[in-house]
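*Asks:* Sequence isn't available, so here's the structure alone:
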Ligand code: HEM
Ligand SMILES: Nc1ncnc2c1ncn2[C@@H]1O[C@H](COP(=O)(O)OP(=O)(O)OP(=O)(O)O)[C@@H](O)[C@H]1O
Ligand SMILES: Nc1ncnc2c1ncn2[C@@H]1O[C@H](COP(=O)(O)OP(=O)(O)OP(=O)(O)O)[C@@H](O)[C@H]1O
Ligand SMILES: [Mg+2]
Ligand SMILES: [Mg+2]
């Protein structure tokens, strides 16, 4: 079942390859805004880099999410899936996995590049990718809850941000802290551990909450 | 005609007052992410503040835009308006004005608060509101062009960001520069002048471009 | 009574994707006439209406309207087009929806209450459109036909989602429009029982390019 | 042939907004039967189907199915529900759309080509659904009826947007399902010409709470 | 049946009428508790050895902070009851909690920052507990925003309840943040297991304040619930009579 659902997501994504690139572009462009907005000074940039990379990744991830559910809601696909006996929690999980594969993974891959562009200290570069790798699953799943709650609403997009971003704050803090520590040459395994724990925690609980929420949204 | 169109936007907005608050919340929350991500150190924050405020305002503005057009496109209202003899440029202009009133203006009003939270130097606080006041009209109108081009596409949201953000960069640079100058006690009338010029320029040209784009999007 | 007019379509051809939907398509519609466009699913009826309203450019041919010169300005002033998406906003009430379009059209003293009652929505005046059923939503759009006095109605499957009474009522309304000197271009897969002259245009489907 | 079953609705009542749509509503549907739900626009037909499929909670009453115990699991295994939104993805081709639902349902060796031909879309197999007309899109959804062997069809206005041939074809298909021991719950404002026993349920509209 | 009281609580009409009877008593207890606590705390209790008179903010800050968390738990639990037992009243209670909770969270944030300026030298630092408390405020806002955004009442109830339940993870984070991360904020000074690290001359007024804040919460909650009941059942006959009789 999961395979069938995931295959469909992959096929849909393949139809619009440009959308694979869009979140990446968003990530790059918003990250580039900071040198313009704050200061192009390399030392200042280096200080900013961990936080800016994390915040931008987080926004790109959240914004790309919208389309993942809304299309399927609007054309009735979500209802049809539920009526075909697919558990809502499974639908949500698939969406989250697809979101991670198509949005988070590319972001993780280019994140070192942005680190370099923002003059991050070389020892922090690997940490950027690593913290994102461990933190993004939790973010995708938390976002899935928010998305399931707001999918029935027109213009739910920004309400979604309101619901989800506060819950991202702990992840963001630890992610950026980890990169900072790495950039200063310290160990950052504690932060990685925390991120991994968060991801495991949400993977095991969030689908249920999101599934229940999806059921409610479909009801309206 | 303009009055009828604007009244409708106001009425629609009044129906969902919560949406007035949402971009504001987004602005506040994203601005709060930076202290978590980068550093809660007051002196570093003060340095960041102008850029961060401007980038966040810009994102909040751009994201709120989506709903302004997409709803009307999806339910056929845009077509009906054009078929009732309303010039597309006028539709776009109304949307931009509404977007400015309902999103930009509240942002401008709370921006000093965020300045205080990010520990911006007191002499920069007024400049934040002033630069935003002069820069946002241009941003709303540029976004209107992007929106008109992408409104027919599902998941246009992030593509919109790609089209529009690069055009925002000059505005961002001058806006943040203005605030920076003010925070350091220097005169920033040059930057204000530039922003005002940008806004006048776009107000006079953008509606035509956006109107033409809208026609194309409706055609499909 | 509307002033007399005649719309002419000359030698239209349209290709969508890799299919030629129609070619050498000619028709005229004048005041007091109904043009009933027929054809199987996918024959190109909606596409033809979209070329007429200017949202798709035909690959050949053109439209003209006889006492006037510029077709498109005439069209936007004198046409009401109702297709699959009706432009009714869920977040507005029934009356607000109608009032908006009436104002755009510059209708003086529109009588919303009686129009709403006529389409069978009496008592729903202040309801949000979102809270109405499929057929009721379409009825809001149909109420515009009563409020906005325009000469040409372009109706793409107007009977869809209407109950039996609604269908009969709409047929009567079309007759009335024709008797008033207006014209109606309509497509429908449901039988239209009209007591007036109806000219038919059959789109047969030409096939691949 | 499907195994025998009987669905019973007992003493249903539903309030939406400030309107009581129905109360004391009882019905049964068994294998080999058609239940035709009638009523004017806004009577509550779609809402009733939504309570049946579990998307809306009724304010009173419940459903049950006779040889089994748990109604909802039975329903998701044995029902195909087609409403206004059909769950056909514009970005997928006709075949891909059908294949997805067939796989979810676990159909072994589904024959897409003949099903697509049967609904009159032969030659459109590899077309994106986005590039089809309104009626053709609905036909894709109807092709699922041929591919997925489920006992109960719930069809909310299935004739909408179909051309005359399509309507006749679908009526024939419903008869066939009933003869195979399935059951069909259907609403329609267009006349259904069925050669089998049809029980009718009229929703009269009860009015304000 | 031992459970009848539980289901009777589920009847909006019964609850409405009963709560009107309870109301004066609640106001009385809340008022006298707050009065005694405030007088004791602000005038009678000794000033702190280090912080002097400033420390008296504590008698507002700590009860408000506790209550902000307590209200959230009430909100989530009643939301869960609504989902599990399909009780309309539970949703009503849940929805009535969020504006009050937001107000107390705001109070805790304000008193905290006023206290922070003299003690830490700044109104605001991005410290774990403070952040988590701010997240709590956003959660309350989100709860209200989500409920208002969904037009169908039944769906809105359930969606808001799910959000409330999900947000509960934030509560232990607020509480334990001072232990998990080294922070500027005061570690727990009241603990059931050990002897409180705070002098009893300050402890008593503080405890009185904490308890009477809770009573005050219930006293404020009831009018909110009644309002909500009236709004929700605005078409019911008894509501119309009730409104006319006023
Ligand atoms: C904006 C700033 C502040 C916020 C948001 C805040 C928030 C909180 C919260 C949420 C609690 C309850 C914690 C729990 O029950 O686990 C609390 C308790 C407390 N706060 Fe604050 N606080 C702030 C500033 C301060 C300051 C400046 C002081 C004193 C220097 C202070 C002293 C206390 C004390 C003594 C407690 C009781 C500790 C306990 O028993 O757990 N707070 N605060
Ligand atoms: N989302 C909603 N929120 C509140 N009330 C609704 C909603 N949808 C429908 N209703 C109410 O329920 C009534 C019945 O709607 P329903 O869609 O069930 O009608 P129907 O019988 O299917 O009509 P139609 O023939 O037009 O499809 C409507 O008149 C409306 O008052
Ligand atoms: N967006 C599109 N892109 C490409 N081709 C399209 C598009 N829309 C329609 N077509 C093609 O045009 C043909 C006719 O479509 P159209 O919507 O005009 O049919 P119709 O006569 O209105 O059918 P129906 O009775 O089903 O509404 C379709 O069969 C399809 O091949
Ligand atoms: Mg058509
Ligand atoms: Mg219906």
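*Replies:* Arrived safely. Remember, it's a predicted structure, so these values are computed and weren't measured experimentally. Ligands and ions are numbered 1, 2, ... in the order given.

*Asks:* For the rest of this, base every contact and every neighbour count on C-alpha atoms.
*Replies:* Fine.

*Asks:* In three-state terms, label residue C:54 for me.
*Replies:* Using DSSP: H, G, I helix; E, B strand; the rest coil, the secondary structure recorded for residue C:54 is coil.

*Asks:* Quick check: it vs chain B, distance?
*Replies:* Using CA to the nearest CA, to the nearest Å, residue C:54 is found at 8 Å from chain B.

*Asks:* tally of neighbours for that residue?
*Replies:* Applying other CA atoms under 10 Å in any protein chain shown, we find 19 other residues in the vicinity of residue C:54.

*Asks:* Provide a list of residues in contact with the residue minimising distance to the centre of chain E.
*Replies:* Centroid-nearest residue in chain E: residue E:71, 3.1 Å away (criterion: CA atoms, centre = their mean). Applying CA atoms under 8 Å, 6 or more residues apart in numbering or on different chains to residue E:71 gives the contacts E:97-98, E:100-101.

*Asks:* Setting aside sequence neighbours, what's the nearest residue to residue 70?
*Replies:* Since you didn't name a chain, this refers to chain A. By the measure of CA to CA, 6 or more residues apart in numbering or on different chains, the closest residue to residue A:70 outside its immediate chain neighbours is residue A:151, 5.8 Å from it.

*Asks:* You answered for a different chain; I wanted chain C.
*Replies:* The nearest residue in space to residue C:70 (CA to CA, 6+ apart) is residue C:64, at 7.5 Å.

*Asks:* thought that neighbour was touching residue C:11?
*Replies:* No. Distance between residue C:64 and residue C:11: 11.8 Å, which falls outside the contact criterion (CA atoms under 8 Å).

*Asks:* coming back round to it: can you give me the buried ones in the helix or strand containing the residue nearest to residue C:70?
*Replies:* According to DSSP states H and E, residue C:64 maps onto strand C:60-65. For strand C:60-65, the buried set under the neighbour-count rule, 16 or more other CA atoms under 10 Å in any protein chain shown, comprises C:61-65.

*Asks:* Run the angle between the lengthiest helix in chain A and helix B:42-74 for me.
*Replies:* In chain A, with assignment by DSSP state H, the single longest helix is helix A:42-74. With axes from the mean of the first three to the mean of the last three CA atoms, to 10 degrees as the basis, helix A:42-74 and helix B:42-74 are set at 30 degrees to each other.

*Asks:* helices and strands around helix A:42-74, which ones?
*Replies:* Helices and strands touching helix A:42-74, by 3 or more CA pairs under 8 Å, 6 or more residues apart in numbering or on different chains; DSSP states H and E, are helix A:18-37, helix A:88-99, helix A:105-117, helix A:122-150, helix A:157-183, helix B:18-37, helix B:156-183.

*Asks:* Is it possible to get CSV of those that adds mean neighbour count, distance to residue E:147 and mean pLDDT?
*Replies:* Listed next are these as CSV, based on neighbours: other CA atoms under 10 Å in any protein chain shown; distance: least, CA to CA, whole Å; pLDDT from 0 to 100:
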stretch, mean neighbour count, distance to residue E:147, mean pLDDT
helix A:18-37, 21, 30, 81
helix A:88-99, 22, 22, 93
helix A:105-117, 19, 33, 92
helix A:122-150, 25, 10, 93
helix A:157-183, 25, 11, 85
helix B:18-37, 22, 10, 79
helix B:156-183, 23, 25, 84
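
*Asks:* Tell me which of the ones you listed approaches residue A:4 most closely.
*Replies:* helix A:88-99 (9.7 Å; CA to CA).
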